[in-house]
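**Q** Attaching a predicted model along with its sequence, questions to come.
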Amino acid sequence: MHVATSRLAVPFHGDGAGTAPLTWGQWEIWQTMRRTGRTLNIGGTVALGPDASVAELAGTLGRLVSRHQALRTRFSLAGEPPRQILSASGAVDLDVIASTSDGAAAAAEALRSRYEFTPFDLATEFPVRWGVVTVDGTPSHLVVQYSHLAVDGFGIEALVRDLPHLADDAPAGGVRPLDLAHRQALPAERRHSAKSLRHWEAALRDLPAARFGTSDDPRTPRFWEVVCHSPALHLALQVVAARAGVETGHVLLAAYGVALSRVTGRTPSVAQVLVSNRFRPGFADAVCHLTQPGICVIDVSIGDVSIGAGDGGGGDGGGYLDAVAKRVWRAATSAYLHGYYDPADHRAMLDRLAADRGEPIDISCFVNDRRGPAAALPAVPPTADQVRAALPGTTLRWDRTLPTYDGTFYLQVDAADAAVDLAIWADTHRLSPAQVEACARGIESAAVDAALNPPG
């Protein structure tokens, strides 16, 4: 139960100050926020041990913001062009909520929800919200949310990795957003952007424009989420990846492409894959937003085999998915290499293509594979018997609904305990709930059938 709330002003003092245009990653996520009307705030809740103190947490917050420029950057988004404004000093708030032992978890969840769904005033508010729930004066939970304009998920991971170094004199590693914005105006970065956009244009120029039909079961709210938890998929991806000589992410994309084509009756399948860009020099430890989409076209027709709506064809055994996954390896590698570009030029390219073709090209399908190290292959791949034995562990449930989302079809993939969690957000005005569920189950079945039916 929530008892009382206070607010501490936590001062910070860091190096660097100034203004610059938005970076490409900042511009990308800002456009998504504008288009969907969603806050896209990012963070979570941590249960604290008995030795934590409010003073210690305030000190950590102050050092963190002092050390990382992204956390002391505000944004002037009304002008043209929009700009980021870095402050060398100031203060951020630490909310302290006194609760009772039996109400602390609920108080933390209420605070997390408020932080997540309340938009930042990006012109006046620094992009970090910290709150601590206390019981008898001792912290029990830390609640953290950041503006997605400041950091992406990999930026938060870099932030966590840097926590042991908060007292270091050496600056934090990785490129800083203000420096990156200036760098992206230089000729070398402009050439890189142009090369990426040539790849996009080549991929899209002859692509069929339509991805989806009209749903026969539209719902309100319009966007529904289905979550599939599958231990069998986790193992099947490993079996096929080891056999095909690719990574599990390529097999997952192949299974996605097959499942979507079977449900929609359209081929090739398309995915905007979320590219972290952390493999680029100086980006691995950067605390900022670097993620942008790359375009991946997935041809699921092998030889004279083509998949139609509701068709179980495509030969799930005999190496069919292996062959699609090998194609995906090439397509996804190109997508990752070309997922770094000026979003304004990208928008202009899409508009030009639509004008040339007389219709817009629907690329409103996204795949965000967030499994990280859990996606790696084991030293010894699982057996078919292990895959088969894991099948009863599959669960599927409908979860949240929203009036708006980003794209018609958004697949988010997370690692669970010896399993894979698929969360699909879909527009029920374009895909019925039954079709969305068929996509989730189809991803699992494409991989499992391939694992259980090897070539030959």
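**A** Structure's in. What do you need?

**Q** So the spatially closest residue to His429 that is not a sequence neighbour versus Gly265, what's the distance?
**A** Nearest residue to His429 in three dimensions, chain neighbours excluded: Pro218, at 4.4 Å (C-beta to C-beta, 6 or more residues apart in numbering). For glycine as for every other residue, the C-beta is placed from the backbone atoms N, C-alpha and C. Going from Pro218 to Gly265 by C-beta to C-beta, to the nearest Å gives 19 Å.

**Q** now do Leu350
**A** Counting by C-beta to C-beta, the gap from Leu350 to Gly265 is 25 Å.

**Q** try Leu422
**A** Distance from Leu422 to Gly265, counting by C-beta to C-beta: 21 Å.

**Q** higher neighbour count, the two?
**A** Leu422 (23 against 13; other C-beta atoms under 10 Å).

**Q** Please name every helix or strand in contact with the helix or strand that contains that one.
**A** Element membership of Leu422, judged by DSSP states H and E, is strand 419-427. Contact partners of strand 419-427 among helices and strands, from 3 or more C-beta pairs under 8 Å, 6 or more residues apart in numbering; DSSP states H and E: strand 223-230, helix 231-244, strand 409-416, helix 433-452.

**Q** try 10 Å
**A** Secondary structure elements in contact with strand 419-427, counted by 3 or more C-beta pairs under 10 Å, 6 or more residues apart in numbering; DSSP states H and E, are strand 223-230, helix 231-244, helix 248-264, strand 365-369, strand 395-402, strand 409-416, helix 433-452.

**Q** Give the other helices and strands that the helix or strand that comes right after the third one contacts.
**A** What it means is helix 248-264. Next along the chain after helix 248-264, taking DSSP H and E as the criterion, comes strand 269-275. Judged by 3+ C-beta pairs under 10 Å, 6+ apart, strand 269-275 is in contact with helix 187-204, helix 248-264, strand 292-298, helix 321-337, strand 365-369, strand 409-416.

**Q** Relative to strand 269-275, what are the paired strands and their orientations?
**A** strand 292-298 (antiparallel), strand 365-369 (parallel) (DSSP bridges).

**Q** pretty sure Val420 is touching Gln412, no?
**A** No - using C-beta atoms under 10 Å, Val420 is not in contact with Gln412, being 11.0 Å away.

**Q** still on that earlier bit, could you identify which of the helices and strands packed on strand 269-275 is most buried?
**A** Mean neighbour count (mean count of other C-beta atoms under 10 Å) peaks for helix 248-264 among the helices and strands packed on strand 269-275, with a mean of 27.

**Q** helices or strands up against that one?
**A** For helix 248-264, the packing partners by 3+ C-beta pairs under 10 Å, 6+ apart come out as helix 231-244, strand 269-275, strand 292-298, helix 321-337, strand 365-369, strand 409-416, strand 419-427, helix 433-452.

**Q** can those go into JSON lines with extra columns for mean pLDDT?
**A** Output for the helices and strands packed on helix 248-264, formatted as JSON lines (pLDDT from 0 to 100):
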{"stretch": "helix 231-244", "mean pLDDT": "98"}
{"stretch": "strand 269-275", "mean pLDDT": "98"}
{"stretch": "strand 292-298", "mean pLDDT": "98"}
{"stretch": "helix 321-337", "mean pLDDT": "97"}
{"stretch": "strand 365-369", "mean pLDDT": "98"}
{"stretch": "strand 409-416", "mean pLDDT": "98"}
{"stretch": "strand 419-427", "mean pLDDT": "99"}
{"stretch": "helix 433-452", "mean pLDDT": "98"}
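
**Q** closest to Asp51 out of these?
**A** Proximity to Asp51, assessed across these by C-beta to C-beta, is greatest for strand 409-416 (29.6 Å).

**Q** Domain boundaries for the protein, per the record?
**A** Per automatic domain parsing, the structural domains of the chain span 2-183, 188-452.

**Q** Between the two ends of the last one, what distance do you get?
**A** Terminal residues of domain 188-452 lie 48 Å apart, using C-alpha to C-alpha, to the nearest Å.

**Q** Quick one: distance of that domain to the chain centre.
**A** 12 Å (C-alpha atoms, centre = their mean, to the nearest Å).

**Q** With the first one instead?
**A** Taking C-alpha atoms, centre = their mean, the mean C-alpha location of domain 2-183 is offset from the chain mean by 18 Å.

**Q** Show the subsequent helix or strand relative to the worst-scoring helix or strand of the chain on mean pLDDT.
**A** The helix or strand of the chain with the poorest confidence is strand 2-13; it has a mean of 86 (mean pLDDT, DSSP states H and E). Later in the chain than strand 2-13, the nearest helix or strand by DSSP H and E is strand 18-21.

**Q** partners of that next one in the sheet?
**A** Paired strands of strand 18-21, defined by DSSP bridges, are strand 83-86 (antiparallel).

**Q** what helix or strand does Pro378 sit in?
**A** Judged by DSSP H and E, Pro378 forms part of no helix or strand.

**Q** Contact partners for the residue nearest to it when sequence neighbours are not counted?
**A** Among residues not flanking Pro378 along the chain, Gln238 sits closest, at 6.3 Å (C-beta to C-beta, 6+ apart). Contact analysis of Gln238 by C-beta atoms under 10 Å, 6 or more residues apart in numbering lists 248, 251, 375-378, 380-382, 386-387, 447, 451.
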